[in-house]
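Trainee: the following comprises the amino acid sequence and a computationally predicted model.
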Amino acid sequence: MPKTFYITTAIDYTNSPPHIGHAYEKVLADVIARYHRLKGEKVFYLTGVDQHGQKVQQSAAKAGVPPAEFVKGITQKFVDLWKKLDVKYDAWAETIDPRHKRVVQGMLQRLFDAGQIYKDKQTGYYSVRQEQFLTDKERGPDGEFGPEWGQVESREEENYYFKLSQHKDWLLRYIDNRKDAVIPDFRQTELRNAVEKISNNRQSGSDLCISRPKSRLDWGIELPFDKDFVTYVWFDALTNYISFAGYDPKIDNYEKQPPEFRDRWTKDTLQVIGKDILVPAHGIYWLIMLHAIGFPDDAMPQLLVHGWWNISGAKMSKSLGNIVDPFALADKYGSDALRYYLISDIVAGKDADFSEERLGEDRYNNDLGNSLGNLLNRALGMVEKYSARIVSRGNQDAVFEEKSAEGGKYASLAEFRRDFVEACVAHYPLMMDSYAFQLSLYEVFHVVRSANFLVDVAAPWKLAKQKARLADLNAVLYHVIESVRIIAVLISPVLPKAAHGIFDQLNWKMELSGKEERFRLDDAKWGGLPDGHVVGKPVPLFPKIEAIL
Ligand code: MSP
């Protein structure tokens, strides 16, 4: 039985509505999930929201609403956005869910019983924004705590601690043994350096404080062994990855976990996260938590770390007033165009600057409208005009040449097929499997441009006037229509609506219209369109948007 491909994202804080950074991560994971479905794999895509903790409690208090009510409203905004952006997940994580609470408490109890959690007193500086005590390591070169920590205050508190530092050597060994534990590899190096710095001495703050006294924070999951405390929000949130995948906290032997969980959770489980939450949250806390509850090394997940969308080089933030609203962009350009922009204008792993001008001009008007939309439109228009909407193979080896003083133009159908379409289909999985989404889109759109060029050189409107060239005319039209069909398959993970639009207009697999199963990578083989196929009428896919800014 083939295993399910299990993919997760970070779960977003429900203290404020989603912005373009949240949208990027969920779309990125959705593209990967859709690509795996395209390959015919079974996929389980989990995403959701992080509803507990101090940030949320504070935002709710500011709004004058009880936290439970406050998170409901914000959660709905995330759900609405994913619907709008065609983010198609298989399971939805909400940390207030009783199922999740049971798993968090079950895990804590097991770790407590195994002596992995102990009670201690701590005095020191505490960051309200990051909800953690700070050590001298967190001070900047000027000896002060930087603005990223927000308000820092002095505190003394009794709390429960998880013996993180005890697992430092294991984590180093694991990272050294698995070269692709973290992708891209410069992030793995970053993680390794951070793990090296963990001190073996608890006094330096190396163990993880996993509780908060209810006296100052009660919006969380109660510790099963002390009702005066709630669970630290990160320990609660990280657990979502297993609690919503069928993990049973009562079973400590990993091999004996329910089959449903074993089918999903493998070393290929892909966890998509932003660069800010690799160290320490996912790279240290999470991997050690899994190890401590008995996950073997060959069941450690893979972390895919993406970069950030910035605004003119600066972080998006409420205080700077530069938050980009994904709802407004999707309303203006459509969800496909926004998805396409978010995937094609950033190298997975690196940061990028958000620019509405690039989204509107370069991506929407040029790539989608003038190149792809135009290709489909002119192809269907010509088949309608010259061959009563019937596509036939014609002379598949036709060559078109036009001599002129400037050197002339040349196009060969065989070369177009081999060097553009088939080459792209062959490269596509290699690029997608190595997370080079930007590159794969570039190559697919290169096929779009070369198909437009083929039409320009072959000039079907001239061929149509020469009876003797009917077989050449038919072959050009076949090549353009067939390449558009293949392009639709390849763009379907990123541009699902456009892919359906193309298939609908090509009158192709109509019985699966609107369904994701309509697209299979195996169908991206040249020649799939039969002789005599009747296409539909052209309808503009990406109508021109005037006055973008
Ligand atoms: N709740 C935690 C994650 C818990 S996961 C068990 C959290 N939430 S968050 O809302 O602050 O961020 C959620 C995700 O969005 C993170 O992966 C973060 O990196 C990502 N992004 C937040 N702002 C971003 C950009 N400006 N650009 C790209 N992604 C960014 O952290």
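Mentor: Done, it's in.
Trainee: tally of neighbours for the residue of the stretch 151-300 of the chain found nearest the ligand?
Mentor: The nearest approach of the stretch 151-300 of the chain to the ligand comes at residue 274, 1.6 Å away (CB to the nearest ligand atom). For every residue, glycine as well, the C-beta is placed using N, CA and C. By the measure other CB atoms under 10 Å, the count of residues near residue 274 is 18.
Trainee: shouldn't residue 400 be within a helix?
Mentor: No: counting by DSSP: H, G, I helix; E, B strand; the rest coil, residue 400 is not part of a helix but strand.
Trainee: near the ligand, which residues of the protein show up?
Mentor: Listed as neighbours of the ligand in the chain under the rule CB under 6 Å from any ligand atom: 10-13, 21-22, 24-25, 50, 237-238, 273-274, 276-277, 308-309, 316.
Trainee: show me the contacts for the residue of the stretch 51-200 of the chain found nearest the ligand.
Mentor: Relative to the ligand, the nearest point of the stretch 51-200 of the chain is residue 53 (8.0 Å; CB to the nearest ligand atom). Residues near residue 53 by CB atoms under 8 Å, 6 or more residues apart in numbering: 13, 131, 217, 219, 220, 233, 236, 237.
Trainee: I'd like to know how far it sits from residue 16.
Mentor: 13 Å (CB to CB, to the nearest Å).
Trainee: just to revisit the earlier point, okay, the residue of the stretch 151-300 of the chain closest to the ligand: pLDDT?
Mentor: At residue 274, the pLDDT value in this model is 98.
Trainee: wait, it touches residue 304, no?
Mentor: No: judged on CB atoms under 8 Å, residue 274 makes no contact with residue 304 at a distance of 10.4 Å.
Trainee: the residue nearest to residue 123 when sequence neighbours are not counted: how many residues sit nearby?
Mentor: Leaving aside its sequence neighbours, residue 123 sits nearest to residue 156 (CB to CB, 6 or more residues apart in numbering; 4.3 Å). Neighbourhood size, residue 156 [other CB under 10 Å]: 9.
Trainee: residue contacts, residue 156?
Mentor: 121, 122, 123.
Trainee: so which of the residues you listed wins on neighbours?
Mentor: Highest neighbour count within these, by other CB under 10 Å: residue 122, with 17 neighbours.
Trainee: next one: phi and psi at residue 48?
Mentor: phi 170, psi -160 (degrees, to the nearest 10).
Trainee: actually residue 322, sorry about that
Mentor: phi -120, psi 30.
Trainee: repeat that for residue 66.
Mentor: According to degrees, to the nearest 10, residue 66 has phi -60, psi 140.
Trainee: ok, now residue 515?
Mentor: phi -100, psi 140.
Trainee: run a quick neighbour tally on it.
Mentor: 10.
Trainee: direction included, what does the helix or strand of the chain with the lowest mean pLDDT pair against?
Mentor: The least trusted helix or strand in the chain, going by mean pLDDT, DSSP states H and E, turns out to be strand 132-134, with a mean of 80. Counting by DSSP bridges, the strands paired with strand 132-134 are strand 117-127 (antiparallel).
Trainee: and residue 32, how close does it get to the ligand?
Mentor: 15 Å (CB to the nearest ligand atom, to the nearest Å).
Trainee: thought that residue was touching residue 268?
Mentor: No: in this structure residue 32 lies outside contact range of residue 268 using CB under 8 Å: 11.8 Å.
Trainee: those two: which is more packed in?
Mentor: More crowded of residue 32 and residue 268, by other CB under 10 Å: residue 32, with 23 against 12.
Trainee: so who does the more buried one touch?
Mentor: Contacts of residue 32 (CB under 8 Å, 6+ apart): 7, 270, 272, 435, 493.
Trainee: the residue nearest to residue 123 in helix, strand or coil?
Mentor: Under three-state DSSP, residue 156 comes out as strand.
Trainee: circling back to that earlier point, so of the contacts of residue 53, which ones are in strands?
Mentor: Of the positions in the contacts of residue 53, residue 13 sit in strands, assigned by DSSP state E.
Trainee: lowest-confidence one in the contacts of residue 156?
Mentor: Among these, residue 122 has the weakest pLDDT, 83.
Trainee: is it in a bridge, and if so with what?
Mentor: Residues in a beta bridge with residue 122, per DSSP bridges, are residue 157.
Trainee: who are the contact partners of it?
Mentor: 133, 155, 156, 157, 158, 159, 205, 209.
Trainee: for the residue of the stretch 151-300 of the chain closest to the ligand, which non-adjacent residue is spatially closest?
Mentor: Closest to residue 274 by CB to CB, 6+ apart is residue 306, at 5.9 Å.
Trainee: next, that neighbour: phi, psi?
Mentor: Torsion angles, degrees, to the nearest 10, at residue 306: phi -100, psi 160.
Trainee: what does residue 161 give?
Mentor: According to degrees, to the nearest 10, residue 161 has phi -120, psi 140.
Trainee: residues contacting it?
Mentor: Residue 161 touches 117, 118, 119, 120, 202, 207, 208, 209, 210, counting by CB under 8 Å, 6+ apart.
Trainee: quick revisit: what's the PyMOL syntax to select whichever of the contacts of residue 122 are buried?
Mentor: Listed next is the PyMOL selection for buried residues among the contacts of residue 122, using 16 or more other CB atoms under 10 Å:
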select buried, resi 133+157+159+205+209
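Trainee: distance check, residue 472 against residue 398.
Mentor: Taking CB to CB, one finds residue 472 at 4 Å from residue 398.
Trainee: quick one: common contacting residues for those two?
Mentor: Contacts common to residue 472 and residue 398, judged by CB under 8 Å, 6+ apart, are residue 458.
Trainee: any idea of the pLDDT on residue 427?
Mentor: Confidence score, pLDDT, at residue 427: 98.
Trainee: just to be sure, it is in a helix?
Mentor: Yes: using three-state DSSP, the assignment for residue 427 is a helix.
Trainee: which residues touch it?
Mentor: 440, 443.
Trainee: got it, and residue 7?
Mentor: Applying CB under 8 Å, 6+ apart, the residues near residue 7 are 29, 32, 33, 36, 43, 44, 45, 46, 269, 270, 271, 272.
Trainee: so can I have JSON lines of the residues you listed showing secondary structure?
Mentor: Below are these laid out as JSON lines (three-state DSSP):
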{"residue": "29", "secondary structure": "helix"}
{"residue": "32", "secondary structure": "helix"}
{"residue": "33", "secondary structure": "helix"}
{"residue": "36", "secondary structure": "helix"}
{"residue": "43", "secondary structure": "strand"}
{"residue": "44", "secondary structure": "strand"}
{"residue": "45", "secondary structure": "strand"}
{"residue": "46", "secondary structure": "strand"}
{"residue": "269", "secondary structure": "coil"}
{"residue": "270", "secondary structure": "strand"}
{"residue": "271", "secondary structure": "strand"}
{"residue": "272", "secondary structure": "strand"}
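Trainee: compare the residues you listed and tell me which is most surrounded.
Mentor: Neighbour counts for those (other CB under 10 Å) peak at residue 33, which has 27 neighbours.
Trainee: tell me the spacing between it and residue 270.
Mentor: If you go by CB to CB, the gap between residue 33 and residue 270 works out to 9 Å.
Trainee: shared neighbours of these two, which are they?
Mentor: Both residue 33 and residue 270 are contacted by 5, 7, under the criterion CB under 8 Å, 6+ apart.
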